[in-house]
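Student: Sequence and predicted structure below; questions after.
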Amino acid sequence: TVVPASQPPEQLQRIVLIDATRLKQPGGSGDDWRVHLGYELLGGRLVGVRVADRHTAEAFELFVVGPGDVLVADRGYSRRSQLAYALRRGAQVVVRLAVHQVPLLDEQGESLDVVAWLKEAMLGLQSRAVAFEYEGSRFAGRLIAFALSPEAAERARAKARKKATKQQRELKEETLFLAGWLLVFSSLPSRWSE
């Protein structure tokens, strides 16, 4: 099934910035608690706060969301289950994309090789219609890609190398390439997403 488009943005009620942060306990493991926050940008107020243990992942499900909401979040929320949760409730999403967590489909419904598309793209801002599937439903959106400046891309690659070294894992060439781009999945119509 194809999930129908949610509320038109003209009926926008809230822009909600959602994120989580770690709290350390003296003598603890370093990631003892997580505070999950929702902040209504236009209203200038918190709309959700939840303190949980370190095993509670970043999730839209921790917040009350519905039609007219635009949820803005980082890669921690870039999972098909989370995007589908928000979209099924009529909310819109603008989420930094983790390419391997959300396999995308192109305009013809075929698997989209994001790396190959970006290698063919010109530098600067790129955008295209995409979709993803979850539990038998297809959700439409846009992939927005912005090439970072050479300096910012190198900083992002250095950060990725440092993280891979710390975790004692091999860093893929594809990961280094993607570090040079800001990738966002948006369910907002294209006139809002570009």
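Tutor: Right, received. Where do you want to start? Numbering: from 1, shown residues only.
Student: Would you map the helices across this structure?
Tutor: 80-88, 114-120, 150-166, 173-178, 190-193 (DSSP state H).
Student: Just the buried positions in the second one, please.
Tutor: Meaning helix 114-120. Within helix 114-120, the residues that qualify as buried by neighbour count (16 or more other Cβ atoms under 10 Å) are 114, 117-118. For every residue, glycine as well, the C-beta is placed using N, CA and C.
Student: Please identify the deepest-packed of the helices of the chain.
Tutor: Scoring the helices of the chain by mean neighbour count under mean count of other Cβ atoms under 10 Å gives helix 80-88 as the most buried, with a mean of 21.
Student: returning to what we had before: show me which of the buried residues of helix 114-120 is closest to L148.
Tutor: L118 (11.7 Å; Cβ to Cβ).
Student: Let me see the contact set for that closest one.
Tutor: Contacts for L118 (Cβ atoms under 8 Å, 6 or more residues apart in numbering) come out as 126, 145, 177-178, 181.
Student: for A153, same thing?
Tutor: 147, 179-181.
Student: repeat that for 6 Å
Tutor: G180 (Cβ atoms under 6 Å, 6 or more residues apart in numbering).
Student: ok so, going back, nearest to D53, out of the contacts of L118: which one, please.
Tutor: Distances from D53 to those, taken by Cβ to Cβ, are shortest for L178, at 31.0 Å.
Student: Check the gap between the residue lying closest to that closest one once chain neighbours are set aside and E151 for me.
Tutor: Of all residues beyond its chain neighbours, the one nearest L178 is V99 (6.2 Å), with distances taken as Cβ to Cβ, 6 or more residues apart in numbering. Remark: distance between V99 and E151 (Cβ to Cβ, to the nearest Å) = 23 Å.
Student: P189 too?
Tutor: Distance from P189 to E151, by Cβ to Cβ: 33 Å.
Student: Run a quick neighbour tally on I18.
Tutor: Neighbours of I18 under the rule other Cβ atoms under 10 Å: 26.
Student: Hmm, I typed the wrong one, I wanted L104.
Tutor: 19.
Student: Dump the helices of the chain to a markdown table, plus mean pLDDT.
Tutor: Below are the helices of the chain laid out as a markdown table (pLDDT from 0 to 100):
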| stretch | mean pLDDT |
| --- | --- |
| helix 80-88 | 96 |
| helix 114-120 | 91 |
| helix 150-166 | 86 |
| helix 173-178 | 84 |
| helix 190-193 | 58 |
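Student: thinking again about what came up before, wait, the residue nearest to L178 touches V115, no?
Tutor: No - with contacts counted by Cβ atoms under 6 Å, V99 stays clear of V115, the gap being 7.7 Å.
Student: What sits closest to L123 if chain neighbours are left out?
Tutor: Once flanking residues are discounted, L123 sits nearest to A147: 4.2 Å by Cβ to Cβ, 6+ apart.
Student: Could you double-check that the one you found sits in contact with M122?
Tutor: No - applying Cβ under 6 Å as the test, A147 and M122 come out as separate, 8.4 Å apart.
Student: Understood, closing this out.
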